[in-house]
Every structure is written in C-alpha cells, then in structure tokens.
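> I would like the atomic coordinates for the input below:
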Amino acid sequence: MDQRAHWETIHREKAADAVSWYRPHLDVSLQLIEELASERTAAILDVGAGQSTLVDDLVHRGYEDITVLDIAASAIDACKTRLGKRAATVRWVTGDVTRVELKPAAYDVWHDRAVFHFLTNAENRSAYVGQLMRALKPGGHVIVATFAKDGPAQCSGLHVVRYDTAALEKEFGAAFRLVKTMEENHPTPFGTVQPFFYGCFRMQ
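Coordinates of the predicted model:
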C-alpha cells in the first residue's frame, strides 16, 4: 500500500479521536506559533495536518493567512466539514509534502507535527528540506515535532526516525538556525505516553 492509500484508509476508517496522535488542542504548537509569528497576518502552513484542530484554533485566534496540507483528501474533507463556513477562509492543499507544488517564499511559519519522522528515506528527507527552503520567506520559521529518541519506533504500522537536537540540526543543515527546542509527553487516547521532541528553526 502506498503512502496516500495508507493515510486515506486511516482517516476514512478511524474517528479523529481514535488515533494515537490525537489531542483536543495542539497546545505546544499554538504556543510556539504565537511566539514566532504573533502578527495575525503571518502566513502559516500546517503540513500533514490530518484532522487536527490546529486550524480551528488558529482561525479562532484571528490568523488570516492559513494553509492546510495533507496527503489524504479524506482528512482535508473532515476538517472542512468541522469548520463549516469558516473553511472558506483557509487554503486547502492535498498532496505529498515532498512533491506538491507550493508557493515560493510564501510562508512565515511552516508547522509539522509528526510528518517528518515518517520520512525514513534520506532522499525524501532531502526533498522535504528542499521544499522548506523554497516555500519559507527569508527569515521564516519552521516548527517540527517528531518522536523523541526514547519515543516509539513505529506509528500507525509504519517505521519512524526518532530525533533530538543534534539529529534535526544535521538534517536541516546550515540554511537553518535552531532557535528553540521543547519536549512533550503526549498522552494517547489509549492510556500510553509518547515522548515528542520539538525543534524550531529560522531560515538564514
């Protein structure tokens, strides 16, 4: 099964709150976005959003330029339905983040909670970083949340790569400067805990 088919199946067959990564609100992500881009006119791209409520909370907080990207059309459709009329204020993009065509130098913040760690192939990670470099505005920020070094080795039946500061810095390279890290022990709906690592970078 290819990546698109895998995630389409997940989002069609499971409720939003029945997956391990579910949180009612992405509190850490919201905190970091507001720290790095307090202006409500900031252009924000949420990569691999799935059915998360981050877009709802950003709209509620007055952000005016939000783009949501996911590989699964079923996830995009679920978010649109949940938002109702407010969905018209958001740009929606269906595609693989390593290949989809994104506007050049368009975004102040690139947010990714739990996509990058699924890129187990070095070529795909390089393509992802290339997309970052094209899509971010000069001086723009990226927020990437992955499983920490002591986090799970698999998720949703797929292998992942776990990260710490040094590992993320190596992947992103000299074009990005680390500005902040955070850790989060994410309680899953199933009573387990997943350690997450957040890295915030500024493109030079």
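
> ok, and for the lengthiest helix in the chain, which residues are buried?
If you go by DSSP state H, the chain has its longest helix at helix 122-135. Buried residues in helix 122-135, counting neighbours by 16 or more other Cβ atoms under 10 Å, are found at 124-125, 127-129, 131-133, 135. Where you see a C-beta, it was placed from the backbone N, CA and C, and this is true even at glycine.

> and the angle from the helix or strand following it to helix 122-135?
Note on helix 122-135: by DSSP states H and E, the next helix or strand toward the C-terminus is strand 136-147. Counting by axes from the mean of the first three to the mean of the last three Cα atoms, to 10 degrees, strand 136-147 points 140 degrees away from the direction of helix 122-135.

> So which residue is smack in the middle of this protein?
With distances taken as Cα atoms, centre = their mean, Asp112 lies nearest the centre of the chain, 1.9 Å away.

> these two touch, right, that one and Val142?
Yes - between Asp112 and Val142 there is a contact under Cβ atoms under 8 Å: 7.3 Å.

> need the contact list for Ala15.
Applying Cβ atoms under 8 Å, 6 or more residues apart in numbering to Ala15 gives no contacts.

> Quick check: it vs Tyr22, distance?
Relative to Tyr22, Ala15 is positioned 9 Å away (Cβ to Cβ, to the nearest Å).

> The residue nearest to the centre of the chain: which element?
Assigned by DSSP H and E, Asp112 belongs to strand 107-113.

> chain center to the lowest-mean-pLDDT helix or strand in the chain: distance?
None of the helices or strands of the chain scores lower by mean pLDDT, DSSP states H and E than helix 3-13, at a mean of 92. From the chain centre to the centre of helix 3-13 is a distance of 17 Å (Cα atoms, centre = their mean, to the nearest Å).

> Can you dump the C-alpha atoms of that helix in PDB for me?
What follows is helix 3-13, C-alpha atoms only, in PDB (Å, rounded to 0.1, in the frame of the first residue of the first chain):
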ATOM      1  CA  GLN A   3       1.600   6.300   1.500                       C
ATOM      2  CA  ARG A   4      -1.500   8.100   0.100                       C
ATOM      3  CA  ALA A   5      -3.700   5.000   0.200                       C
ATOM      4  CA  HIS A   6      -2.400   4.200   3.700                       C
ATOM      5  CA  TRP A   7      -3.400   7.600   5.100                       C
ATOM      6  CA  GLU A   8      -6.700   7.700   3.200                       C
ATOM      7  CA  THR A   9      -7.600   4.400   4.900                       C
ATOM      8  CA  ILE A  10      -6.600   5.700   8.300                       C
ATOM      9  CA  HIS A  11      -8.700   8.900   8.000                       C
ATOM     10  CA  ARG A  12     -11.700   7.200   6.400                       C
ATOM     11  CA  GLU A  13     -11.900   4.300   8.900                       C
END
